[in-house]
Every structure is written in structure tokens, then in C-alpha cells.
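Asks: Build me a model:
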Amino acid sequence: MPHGLNIVLVEPKIPVNTGSIGRLCLATGSALHLIEPLGFQINDTQLKRAGLDYWKHVDVSIHPNLETFQQSIPKESHLVFFSTKAQASYFEHRFEQGTYLFFGNETAGLSEELRKKHAERIFRIPQYDDRVRSLNLANAVSIVVYEAIRQLGP
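Replies: Residues are numbered from 1 along each chain as shown. Below is the predicted model:
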């Protein structure tokens, strides 16, 4: 993987989003980590449809819970979290090769406990109209991944 980026979806609920993010991971050479419980089955037709025939090529790992996953990450790893509730913009962050990019699920986002625990490493994607509650998860992941790649270079 050229940039070694790791996309972490914490308890994703919508299979089409996960499938689209899987396709993004394959296109960018990023690893995908899915934290259970999932809101769908991996063999879900919608998931496969969103990932088309690419899903079998995606570097995807499924983890039973967030605690187990975090214990498996090397201690020196760079972790970054994303939430609409964060104050700092992702424009302010300098990405590193091998970063783990954490995104919450489509309905609740990241837990308050997780946001508080990692308050110094949590960022948001700016939105300029208060009528929009949040961006689609797959869109948000795409925005962040390509900013990280832009910073890290081709």
C-alpha cells in the first residue's frame, strides 16, 4: 500500500456506504477495518453491489469490538478521529503514512467517550450550511483519504 492508510469504520450500519468505502480503499491502496457490530451481513447483496466485483480484492479486516481492535494497533501508530462535533478542521491536520482514520456510524457517529478520550486528535470536515446535519459517510471518508494522499504525495 503506497500510503499505508487505514480506514476504520466503527459499527457501520449502511451496506452501500461500506461497499463504496471498500471500493475507495482498493482504489487508494488503503486497508479497511470494520468494527462490529455491523448493521448488515458482509455477504449482503447491497454491499456487494456497492463494491461491485471489487470486494474480494479489498484489504478488509473485521474486528469484534473497538477495544480489541485498538489493542491490536501498534503503540506508535498515528490515530485520527472524525466527527461533526469536533472543533478543529481536518485542514489543520498533518497526515502521516500509516495513519488510522476513525469514522463513526451513519446514525450516531463516534461515541462521546471516544471523542473525549481522543479530544486532541479529533477533526471535522467543515460544512457551511447549518441545515445539513452531516455528510454521507462514504463522501466524508473519500474527502479525508484524498486529503491525506495529497499531503503525503504521489
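Asks: right, and the helix or strand after the helix or strand of the chain with the lowest mean pLDDT?
Replies: Between all helices and strands in the chain, the lowest mean by mean pLDDT, DSSP states H and E belongs to helix 45-51, at a mean of 60. Moving toward the C-terminus from helix 45-51, the first helix or strand encountered (DSSP states H and E) is strand 60-63.
Asks: Partner strands of that next one, with direction?
Replies: Paired strands of strand 60-63, with direction, are strand 31-35 (parallel) (DSSP bridges).
Asks: Centre of the chain to the strand it pairs with, how far?
Replies: Here the centre of mass of C-alpha atoms in strand 31-35, compared against the chain's by Cα atoms, centre = their mean, to the nearest Å, lies 8 Å away.
Asks: What is the burial count for G22?
Replies: Other residues near G22 come to 27 when the count uses other Cβ atoms under 10 Å. (Each C-beta comes from the backbone N, C-alpha and C, glycine too.)
Asks: what comes into contact with stretch 133-141?
Replies: By Cβ atoms under 8 Å, 6 or more residues apart in numbering, the list of residues contacting stretch 133-141 from outside reads 7, 9, 12, 14, 16-17, 20-21, 24, 82, 84, 101, 103, 105-106, 109, 125, 127, 143.
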